[in-house]
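>>> I would like to see how this sequence folds:
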Amino acid sequence: MLPAALRPDGALKLVIFDCDGVLIDSEGPSCRMIARNLREYGLAISDENAVHRFAGHALTALKHEIEQAEGITLPDDWPAQMQHNLVTLMRSEAETIDGAPAMLRGVAGLGLPYRIGSNSSVMEMEAKFGRTGLDALIAPAHIHSARDMGQPKPDPAVYLAAAKAQGVPPENCIVLEDTDTGARAAQAAGMGCVLLRAADLPAPSWPGLLRITHLDEFVPLLRRILDSQKQQGAAHD
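Predicted coordinates:
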């Protein structure tokens with residue numbers, strides 16, 4: 001059954017955004033930085049392959065994956081080292097995804113509250129939002145970090161925490177994601193999900209998962225959902 005956020009007879013009450021790849025274009029610089037570091041440990045990986053392999057992965061899980069797959073040992077504090085380096089990097093290199101500021105203003109114009117749920121740390125997100133000016137559109141209290149919670153996606157905990165903080169049931173939420181990992185987290189939370197994915201790239205499919213190819217499609221999609229729910233409500237009055 002579709003989540004209530006997507007159904008004409010339901011109600012959309014909260015939008016939750018992933019950060020990287022949805023609001024902030026940081027995956028490329030971040031993955032290339034990690035690749036440079038891993039080459040120092042003898043891992044033969046190109047910057048291009050690193051983006052495909054590492055995007056959307058939490059650092060602790062990534063450390064385990066690399067050690068298991070490649071037979072190398074990374075320092076126990078490797079995730080903390082990378083986290084520190086990422087914050088520094090994002091203060092100088094973070095950029096917004098095309099259309100992100102206008103999209104956030106458009107969601108607010110629909111009367112919908114929004115929150116952020118990311119695998120990045122709060123410190124890292126604050127660096128990204130401060131660098132790009134999105135801090136003017138995103139309240140600090142509306143930022144939720146799966147990393148800081150110790151429960152990275154695909155665990156749904158960060159999305160459930162965002163919904164709870166807003167006082168909205170999970171089934172009344174829509175998540176905007178760009179990774180399969182994040183989409184699975186939204187599915188596990190019982191939320192609707194919109195996947196931002198180029199048309200020529202493969203994508204998962206299940207009831208409750210919609211797809212857009214550019215951020216400028218998101219607000220019109222939400223408007224259509226809200227209009228259908230309003231019409232359905234009027235028909236029952």
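
>>> going forward, measure contacts and count neighbours with C-alpha atoms only.
Will do.

>>> three-state assignment of residue 144?
strand (DSSP: H, G, I helix; E, B strand; the rest coil).

>>> Tabulate the CA atom coordinates of the helix or strand bottoming out on mean pLDDT in the chain in PDB.
Using mean pLDDT, DSSP states H and E, the weakest-scoring helix or strand in the chain turns out to be helix 47-54, at a mean of 84. Coordinates of each C-alpha in helix 47-54 appear next as PDB, following Å, rounded to 0.1, in the frame of the first residue of the first chain:
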ATOM      1  CA  ASP A  47      39.100   9.100  -8.900                       C
ATOM      2  CA  GLU A  48      36.400   8.200 -11.300                       C
ATOM      3  CA  ASN A  49      35.900   4.700 -10.000                       C
ATOM      4  CA  ALA A  50      35.900   6.100  -6.400                       C
ATOM      5  CA  VAL A  51      32.900   8.300  -7.100                       C
ATOM      6  CA  HIS A  52      30.900   5.300  -8.400                       C
ATOM      7  CA  ARG A  53      32.000   3.000  -5.600                       C
ATOM      8  CA  PHE A  54      31.900   5.300  -2.500                       C
END
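
>>> tilt between the helix or strand following it and helix 47-54?
Beyond helix 47-54 in the direction of the C-terminus, DSSP states H and E gives the next helix or strand as helix 59-70. With axes from the mean of the first three to the mean of the last three Cα atoms, to 10 degrees defining the directions, helix 59-70 sits at 110 degrees from helix 47-54.

>>> Averaged pLDDT, helix 59-70. What do you get?
If you average the pLDDT over helix 59-70, you get 90.

>>> same check, this time on stretch 34-44
Stretch 34-44 carries an average pLDDT of 91.

>>> And that stretch, what's buried?
Using 16 or more other Cα atoms under 10 Å as the test for burial, stretch 34-44 gives 34-36, 38.

>>> Out of the residues you listed, which sit inside helices?
Among those, the members falling in helices (DSSP state H) are 34-36, 38.

>>> Present those residues as TSV; the columns should include distance to residue 181.
Shown next, in TSV, are these (distance: Cα to Cα, whole Å):
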residue	distance to residue 181
34	19
35	21
36	24
38	23
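
>>> Tell me the one of those residues nearest residue 161?
When those are compared for distance to residue 161 (Cα to Cα), residue 34 wins out at 28.7 Å.

>>> Please name the residues that touch the closest one.
50, 82 (Cα atoms under 8 Å, 6 or more residues apart in numbering).

>>> do you know how far it is from residue 47?
Noted for residue 34: a distance of 9 Å to residue 47, by Cα to Cα, to the nearest Å.

>>> do the same with residue 212
Per Cα to Cα, residue 212 is found 27 Å from residue 47.

>>> what does residue 15 give?
Going from residue 15 to residue 47 by Cα to Cα gives 33 Å.

>>> what about the two, which has more around it?
Just comparing residue 15 and residue 47: by other Cα atoms under 10 Å the higher neighbour count belongs to residue 15, 24 against 16.

>>> quick one: buried residues of stretch 162-181?
Those would be 162-163, 169-179, 181, for stretch 162-181 by 16+ other Cα under 10 Å.

>>> first to last residue in it, what's the distance?
Termini of stretch 162-181 sit 17 Å apart (Cα to Cα).

>>> Quick one: distance of that stretch to the chain centre.
From the chain centre to the centre of stretch 162-181 is a distance of 10 Å (Cα atoms, centre = their mean, to the nearest Å).
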